[in-house]
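1. Turn this into a model:
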Amino acid sequence: MAGQLPLGEPDPLVEGIVARARKRGQRVKPTAPTQDGEVVAVKVDAVEVEEAREAGPVHVANQFFIRLGMEEVLAQAGLNERARELTKVMVLNRLISPGSEHSMPLWVNTTALEDIMGVRLSDLREDALYRNLDRLHPMQEQIEAGLRAREVNLFSLDSTIYLYDLTSTYFEGQCEKNQEAKRGYSRDKRPDCNQVLVGLVVDREGFPIKHEVFEGNRADSTTLGAMLEVLERSQGKKQGVTVVVDRGMADRRNLELIKSRGYHYVVAARQAERDRWLGEFEEEGFMEVSRGVSATNQKKSRVEVKKKECDGQLYVLVISQERAAKDRAIRESLEKRLIQDLERLSKRISQGRLSREDRIYEAIGRIKERYPRVARYYEISYQKEKAELSWVAREEKKLVAEKLDGSYLLKTDRSDLWPEEAWHIYSLLSRAERAFRSMKSPLAERPIFHQLKERVRAHIFLCVLAYHLLVAIEKSLQDRGVHSCWATVREMLKTHQVVTMVLPTAEGRVLKLRCATRPSPQQLELYRKLNIACEPIKPKKTWLKAV
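-> Numbering: from 1, shown residues only. Sure, this is the predicted structure:
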């Protein structure tokens, strides 16, 4: 073996041993690690890629979960480590690919969540998720208050304005064990389903302050007092806060309630009150509101305001070009449907299918109830002798309605506001509406399949927690000039993955390298804007024997 000549005839057995020993000695050995990393000889034709998992959206969501201090808030509420891990999984699922607890384990195994969190999730079962919902329910108020406090400091949020709005969310199933599930006015166009109402208070940036769940058949106007009570219990009594609500909750009783609690208000007046100001809307004296430039760099529609004071209140008359077109389209659509229903009723009467006078007047009443906004523009009558239904347009009322298209009336008890300021404050109410749109899509709050009251409330709470992440992500992007919504960001990041590179080496071993793919330039720019590292995980090397 040392190169010396044999003393006698070569022995085949010895020669074989020597040959094998020399072959092993000639194999390429891995060199010592250098500054550029470890160097190995790889069989290129045998390289494989396995266990590809979606990483981009999960990486961003996890980083913002950490940035908002959600884990610390959950710990302070009393959740143990495993419960905190499960809560993170459930919140991230609601943000990225919302599904039921039954489908959640399957989703987890399609993502790099296990790699990113560094915990074992491959054996996750739905029963553990259901039990975690039960743990979350009694801790909602403490978690929500703690999260709000952190966001105020992190984003320097203003707490002087409460924007309050309501929505409904419906159920699949009878929900016989849930006393809050009732049939009522459905914003989801599902009057056939039981529902609950969800009240949400957000600040001027759209960050949630407090949410509450009400019975599905409760009148909107009756929820304001209860909402202010839970707000004060959670956030404490704050002086000088301005409460903003839509016209559905702007009745006299609620305005007195707001003032009695030491708050101010900016609200939209109801239609009947607005109509009394027709003469003022027709006169001059309006000033144009400065609205800036939209994200598409185009000038927004024109809005004009005028200030009036009456009975110790400040009234702001508003005329919006964009709203005028919307009001006109709604009125014309309702008017068309009203005429169609009247024509169908007239046909039933003329054909003798409906002849009883009391039934006919009941049918007319139902049509008027169905279209109250436009039925007042028509004089509807029934002539018993001729068995004939007729209707005539009240042109003077239609003319008034056309003049009021695009106009609405705001009122406030704050005499220190300029009309432009009052309009800007009221327009912030769209932040609450946007929050509901986000919770329903893309966070898929509806429909609800849970049947128990506590789990329904916990499900809605998970949607609220996911919305905290969503609004924080969008706010961070907007502060850096990016106006993309979360749904767009999520789609852009989906192709950034974590994979396992299988590298057979020349020396007979296999190197498995778990690492992230290289992000695209667009993904790199998003990570930079969000101030997030572009690597979801650190590369992990595993040496195996060749099979």
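2. For stretch 80-93, which residues meet the burial criterion?
-> By neighbour count with 16 or more other CB atoms under 10 Å, stretch 80-93 contains the buried residues 83, 84, 85, 86, 87, 88, 89, 90, 91, 92, 93. Every C-beta, even on glycine, is put in place using the N, C-alpha and C of the backbone.
3. would you list these in CSV and tack on pLDDT, secondary structure and distance to residue 361?
-> CSV is the format used below for those (pLDDT from 0 to 100; DSSP: H, G, I helix; E, B strand; the rest coil; distance: CB to CB, whole Å):
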residue, pLDDT, secondary structure, distance to residue 361
83, 95, helix, 61
84, 96, helix, 63
85, 96, helix, 64
86, 96, helix, 60
87, 96, helix, 58
88, 97, helix, 61
89, 96, helix, 59
90, 95, helix, 55
91, 96, helix, 55
92, 96, helix, 58
93, 93, helix, 54
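4. Pipe the residues you listed into JSON lines and attach distance to residue 339 per row.
-> Output for those, formatted as JSON lines (distance: CB to CB, whole Å):
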{"residue": "83", "distance to residue 339": "59"}
{"residue": "84", "distance to residue 339": "60"}
{"residue": "85", "distance to residue 339": "60"}
{"residue": "86", "distance to residue 339": "56"}
{"residue": "87", "distance to residue 339": "54"}
{"residue": "88", "distance to residue 339": "56"}
{"residue": "89", "distance to residue 339": "54"}
{"residue": "90", "distance to residue 339": "50"}
{"residue": "91", "distance to residue 339": "50"}
{"residue": "92", "distance to residue 339": "51"}
{"residue": "93", "distance to residue 339": "48"}
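5. Pick out whichever of those residues sits closest to residue 179.
-> In terms of CB to CB, no member of the buried residues of stretch 80-93 lies closer to residue 179 than residue 90, at 25.0 Å.
6. Would you check how far apart the spatially most central residue of the chain and residue 114 are?
-> Ranked by distance to the mean C-alpha position of the chain (CA atoms, centre = their mean), the top residue is residue 438 at 2.4 Å. Distance, residue 438 to residue 114, using CB to CB, to the nearest Å: 27 Å.
7. Give me the helix or strand of this protein that scores worst on average pLDDT.
-> For the chain, counting by mean pLDDT, DSSP states H and E, helix 12-26 ranks last in confidence among helices and strands (a mean of 62).
8. immediately after it, which helix or strand?
-> strand 48-54 (DSSP states H and E).
9. hey, C-alpha coordinates of the helix or strand just after that following strand in CSV?
-> Using DSSP H and E, the helix or strand that follows strand 48-54 towards the C-terminus is helix 56-67. This file holds the C-alpha atoms of helix 56-67, laid out as CSV (Å, rounded to 0.1, in the frame of the first residue of the first chain):
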residue,chain,number,x,y,z
GLY,A,56,-44.1,34.6,2.2
PRO,A,57,-47.6,35.4,3.7
VAL,A,58,-46.9,33.3,6.8
HIS,A,59,-43.5,35.0,7.3
VAL,A,60,-45.1,38.5,7.1
ALA,A,61,-48.0,37.6,9.4
ASN,A,62,-45.7,36.0,11.9
GLN,A,63,-43.4,39.0,12.0
PHE,A,64,-46.3,41.4,12.6
PHE,A,65,-47.7,39.0,15.3
ILE,A,66,-44.3,39.4,17.0
ARG,A,67,-44.1,43.2,16.3
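10. Give me the contacts around helix 56-67.
-> Applying CB atoms under 8 Å, 6 or more residues apart in numbering, the contact partners of helix 56-67 are 71, 88, 91-92, 95-96, 111-113, 116-117, 154, 469, 472-473, 476, 489-490, 492-497, 519, 523, 526-527, 530, 532, 536.
11. again, 6 Å this time
-> 88, 92, 95-96, 111-113, 116, 469, 472-473, 490, 493, 496, 532, 536 (CB atoms under 6 Å, 6 or more residues apart in numbering).
12. And the contacts of stretch 196-211?
-> 148, 151, 157-158, 161-164, 166-169, 180, 212-214, 216, 218, 223, 227, 230-231, 234, 428, 431-432, 435, 460, 464, 471.
13. Kindly apply the preceding question to stretch 341-356 instead.
-> Residues outside stretch 341-356 that contact it (CB under 6 Å, 6+ apart): 363, 367, 387, 389, 391.
14. Could you export the one helix or strand residue 304 maps to as PDB, CA atoms only?
-> Using DSSP H and E, residue 304 sits in strand 303-310. This file holds the C-alpha atoms of strand 303-310, laid out as PDB (Å, rounded to 0.1, in the frame of the first residue of the first chain):
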ATOM      1  CA  VAL A 303     -67.400  67.800  -2.200                       C
ATOM      2  CA  GLU A 304     -68.900  71.100  -1.000                       C
ATOM      3  CA  VAL A 305     -69.900  72.100   2.500                       C
ATOM      4  CA  LYS A 306     -71.800  75.000   4.200                       C
ATOM      5  CA  LYS A 307     -72.100  75.800   7.900                       C
ATOM      6  CA  LYS A 308     -75.300  76.600   9.800                       C
ATOM      7  CA  GLU A 309     -76.000  77.000  13.500                       C
ATOM      8  CA  CYS A 310     -79.400  76.300  15.000                       C
END
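15. Packing partners of the next helix or strand after that strand?
-> Next helix or strand after strand 303-310 toward the C-terminus (DSSP H and E): strand 313-320. Under the contact definition 3 or more CB pairs under 6 Å, 6 or more residues apart in numbering; DSSP states H and E, strand 313-320 sits against strand 303-310, strand 407-412, helix 419-427.
16. what about the residue nearest to residue 275 when sequence neighbours are not counted, how many residues close to it?
-> Counting by CB to CB, 6 or more residues apart in numbering, residue 275 lies nearest to residue 404, which is 6.8 Å off, once chain neighbours are set aside. When neighbours are counted by other CB atoms under 10 Å, residue 404 registers 21.
17. Relative to residue 323, how far out is residue 404?
-> Residue 404 sits 11 Å away from residue 323, taking CB to CB as the criterion.
18. try residue 151
-> Going from residue 151 to residue 323 by CB to CB gives 32 Å.
19. out of those two, which sits in the more crowded spot?
-> Higher neighbour count among residue 151 and residue 323: residue 151, with 22 against 16, using other CB under 10 Å.
20. quick one on the thing from earlier: would you mind writing the ChimeraX command to select the buried ones in the contacts of stretch 341-356?
-> What follows is the ChimeraX syntax selecting those of the contacts of stretch 341-356 that are buried according to 16+ other CB under 10 Å:
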select :363,367,389,391
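21. And the longest strand belonging to the chain, what does it pack against?
-> The residue-count maximum for a strand in the chain (DSSP state E) belongs to strand 161-170. Contacts defined by 3+ CB pairs under 6 Å, 6+ apart place strand 161-170 against strand 195-202, strand 242-245, helix 430-440.
22. run the last query once more with 8 Å
-> strand 195-202, helix 224-235, strand 242-245, helix 430-440 (3 or more CB pairs under 8 Å, 6 or more residues apart in numbering; DSSP states H and E).
23. out of those, nearest to residue 75?
-> Closest to residue 75 of the helices and strands packed on strand 161-170 is helix 224-235 (CB to CB; 19.1 Å).
24. List the buried residues in that closest one.
-> For helix 224-235, using 16+ other CB under 10 Å, the buried residues are 224, 227, 228, 230, 231, 234, 235.
25. go on, stretch 448-460?
-> 448, 450, 451, 453, 455, 456, 457, 458, 459, 460.
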